[in-house]
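Asker: Dropping the sequence and predicted coords here.
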Amino acid sequence: MLEERLFEHMLDRKFILENAELVKRNCLNRGAKVDVDRFVALEEQRKKLQQEVEELNRKANVTSKSIGQAKDPAEREARKEEGRRLREETQKAQAEVDALVEQIAAVQRLIPNLSHPEAPVGGDDTANLELARGKTAVPEFDFEPLDHVELMEKLDLVDFEAGAKVAGHGFYFLKNDAVLLELALQQYAVQTLLREGFTPITTPDLARNEVLEGIGFIPRGPETQIYSVENTDLSLVATAEITLGGMLADTILDAEQLPLKFCGISHCFRTEAGAHGRAARGLYRVHQFTKIEMFAFTLPEESEAMLERLRGLECQLFDGLGVPYRVVDTATGDLGGPAYRKYDLEAWMPGRGEFGEVTSTSNCTDYQARRLNIRYRTKGEKGTRFLHTLNGTAIAISRALIAVLENFQQADGSVVIPEVLRPWVGKEKIG
RNA sequence: GGAUGGGUGGCCGAGUGGUCUAAGGCGGCAGUCUUGAAAACUGCUGUGGGCGUUCGCUCACCGGGGGUUCGAAUCCCUCCCCAUCCGCCA
C-alpha cells in the first residue's frame, strides 16, 4: 500500500513536499547536492500565489462574460475597464509565479529518482555489490594473452590510425572478420530477443534535446557526454534508450497493451569528455559504436520483475557467447539520475586482467515517463497514471568485441569464433 | 530546397471573436430489453491542477511560443510537425 503511493507520486512536487526527509536522505545516498528545504519553501510559496492567480482569473472571466450581455454602452465600458484592471493584476501575479516555477524547476531537475531499498548504499562504483558470476569460468592461458588492440592489429581487424585521421581520436574502422563479427553479434542479439517477444526497431541516431532531457541526459551541460548538432535542437544519441523512450512521448496507452518490449538498433555517440587516459585503450572507450538495446514500458507493479527479466536476458546472451562475467548491483552513488535500480554485467577482459562493463540494465520507474509524459489508462478506472520504463544493453558491439576476442584468443594468435556466432560469421576461426 | 493544404478530446471530425458548459460520430462504460449474447433504445464518458465533509465549485489546456482584445480553437507574428505535388538524392 505504502509502496503503491510512493510510486504514484514519485518525485512530483507533491511527493517531494510530503516526503522531504526521505528525498533528502536519498539525495545524500546518491551524492546529489540538492537544497530540498529551499525547494519546499519555494513550492509552498508558489502554491499560495497560484491560487491567487486562479482567483483573479475567475473574476476576470466572469467580467468578460458579462460584457457580451450588457446592453447599456456606459455599463459595457465600465465593465471593460474592470476587466482590464483584473487582467493586468493577473499578469503581474502570474509573472511572479513563473519566476518561482523557474527556480523550483532548477532545483527539481537535480533531484534523482528514489532508490530501491536493497540497492547498496555507497558513494561510487567501489560500493557496487557482486551478485553472481556467469556460467563460463575465467580462462587460464598457458601463454601471455594479448589485449584486443594487439590482437586486432595482428589480424587486420581494425584501423585506429585511419579513424583518428578521419574523425579524430576515439574513432576507428572495423575491417574484415571484425565486420562479420559485428553483424553476427547484432543478429545473435536480435534473434534471441525476437524469440522473447521483443519488437525489433531501428531508431534515429539523432534526437531532439527535449527528448534527451526527458530520458535524463543534459545535452548542453558542462560535463555532457552528448554531441550537439550546431544550429539545431538535435543531438547525436548516446544510446537507443533515448529514441525508444522518446518514441512514446506524450502517449496514453491502455493497460492491456503493457508491457511493450522493444529491441532497438542504433549507433551511440559519446564525447567521453574528461575520460581520457584511464581504460581508454582501443575499443573500450570510443566515441561511436553500435548497440542493440532492450527497452520496456510496463505497469508500475511489473517493473521490478521486468528488471530481473532484462538482467536474465543479458546473462543468457553472454553465457551463450561463452564469455565469463560477473553481475553487479550498482551502488546508490553510481546510479545516475533516472535509475531506481541498476545491474551491470562486467565481462572478464584478459588483456586488462580485470572485469569491464559490457551491459547495464536499469529500472527507471516513472522518472522518465513523468518527464516524457507517457501514461496508461486502466479500464473502469478514472484518469491515467505514469507507466514505468526500463532499459538494458543486449549487446554493445565495441565492448562485446573486446570480450570475445580477448577470451577466445589462442596461443598462435588466432581467435576462435563462439559457436553461436558461426552461422553468421561463416567460419570457426579468425587467423 | 520550392508550392499548396493541414495540425481540435482515446480515435474520426464540425467549429473564422462573446448565449456557463467544443456540434456530431466512433469507441468505451452503465441501464432497458433478452434464457444468454448481439442488435436496438436511453444515459454517462477528455487531461492535469486547486478548493470543499458526499452532491460539488473553480483554474488551465484546441501542435509549441509570443501578440491583439474586457474576451481567442477562431485574428496577427513566429517556430515545429504532418500530408500531397515538384526538384534534388542513397
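Answerer: Looks like it came in fine.
Asker: can you pull the contacts of the residue of chain A found nearest RNA strand B?
Answerer: Nearest residue of chain A to RNA strand B: residue A:83, at 2.6 Å (C-beta to the nearest atom of the strand). The way it works is simple: take the backbone N, C-alpha and C, and place the C-beta from them, glycine included. Residues near residue A:83 by C-beta atoms under 8 Å, 6 or more residues apart in numbering: A:60, A:63-64, A:67.
Asker: what about 7 Å?
Answerer: For residue A:83, the contact set (C-beta atoms under 7 Å, 6 or more residues apart in numbering) comprises A:60, A:63-64.
Asker: again, but for residue A:235
Answerer: A:206-207, A:209, A:212, A:219, A:226-229.
Asker: just the buried members of the contacts of residue A:83?
Answerer: A:60, A:63 (16 or more other C-beta atoms under 10 Å).
Asker: Columns distance to residue A:22 on top of the contacts of residue A:83, output as JSON lines?
Answerer: Conversion of the contacts of residue A:83 to JSON lines gives the following (distance: C-beta to C-beta, whole Å):
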{"residue": "A:60", "distance to residue A:22": "40"}
{"residue": "A:63", "distance to residue A:22": "45"}
{"residue": "A:64", "distance to residue A:22": "45"}
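Asker: can the contacts of residue A:83 go into a markdown table with extra columns for secondary structure, distance to residue A:430 and pLDDT?
Answerer: As requested, the contacts of residue A:83 are exported to a markdown table (DSSP: H, G, I helix; E, B strand; the rest coil; distance: C-beta to C-beta, whole Å; pLDDT from 0 to 100):
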| residue | secondary structure | distance to residue A:430 | pLDDT |
| --- | --- | --- | --- |
| A:60 | helix | 76 | 89 |
| A:63 | helix | 81 | 88 |
| A:64 | helix | 77 | 87 |
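Asker: Within reach of RNA strand B, which of the contacts of residue A:83 are there?
Answerer: Restricting the contacts of residue A:83 to those near RNA strand B by C-beta under 7 Å from any atom of the strand leaves A:60, A:63-64.
Asker: Residue A:103: which of the residues you listed is nearest?
Answerer: residue A:60 (26.4 Å; C-beta to C-beta).
Asker: The closest one: what's its closest spatial neighbour, skipping adjacent residues?
Answerer: Of all residues not flanking residue A:60 in the chain, residue A:86 sits nearest, at 4.0 Å (C-beta to C-beta, 6 or more residues apart in numbering).
Asker: That neighbour is in what secondary structure piece?
Answerer: With elements taken from DSSP states H and E, the one containing residue A:86 is helix A:73-108.
Asker: got it, and residue A:304?
Answerer: Judged by DSSP H and E, residue A:304 forms part of helix A:303-321.
Asker: pLDDT on that helix, on average?
Answerer: Across helix A:303-321, the average pLDDT comes to 97.
Asker: picking that back up, and the contacts of residue A:235, which of them are in helices?
Answerer: A:209, A:212 (DSSP state H).
Asker: May I see the contacts of residue A:235 arranged in a markdown table, with pLDDT, distance to residue A:153 and neighbour count as well?
Answerer: Output for the contacts of residue A:235, formatted as a markdown table (pLDDT from 0 to 100; distance: C-beta to C-beta, whole Å; neighbours: other C-beta atoms under 10 Å):
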| residue | pLDDT | distance to residue A:153 | neighbour count |
| --- | --- | --- | --- |
| A:206 | 87 | 32 | 19 |
| A:207 | 86 | 35 | 27 |
| A:209 | 82 | 38 | 18 |
| A:212 | 87 | 35 | 26 |
| A:219 | 75 | 35 | 21 |
| A:226 | 88 | 31 | 21 |
| A:227 | 89 | 27 | 17 |
| A:228 | 85 | 33 | 17 |
| A:229 | 82 | 33 | 11 |
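Asker: which ones are touching residue A:333?
Answerer: Counted by C-beta under 7 Å, 6+ apart, residue A:333 has contacts A:30-31, A:122-124, A:127.
Asker: let me fix that: residue A:429
Answerer: Residue A:429 neighbours (C-beta under 7 Å, 6+ apart): A:414-417.
Asker: So among those residues, which ones count as buried?
Answerer: Here, 16+ other C-beta under 10 Å leaves A:415-417 buried among the contacts of residue A:429.
Asker: quick one: the closest residue to residue A:223 other than its chain neighbours from residue A:285, how far?
Answerer: Of all residues not flanking residue A:223 in the chain, residue A:273 sits nearest, at 6.3 Å (C-beta to C-beta, 6+ apart). Distance of residue A:273 to residue A:285, given as C-beta to C-beta, to the nearest Å: 11 Å.
Asker: Neighbour count: these two, which is higher?
Answerer: Between residue A:273 and residue A:285, counted using other C-beta atoms under 10 Å, residue A:285 has the larger neighbour count: 19 against 11.
Asker: hang on, the more buried one in a strand?
Answerer: No - counting by DSSP: H, G, I helix; E, B strand; the rest coil, residue A:285 falls outside a strand, being coil.
Asker: Which phi and psi values does it adopt?
Answerer: Backbone torsions of residue A:285, given as degrees, to the nearest 10, read phi -130, psi 90.
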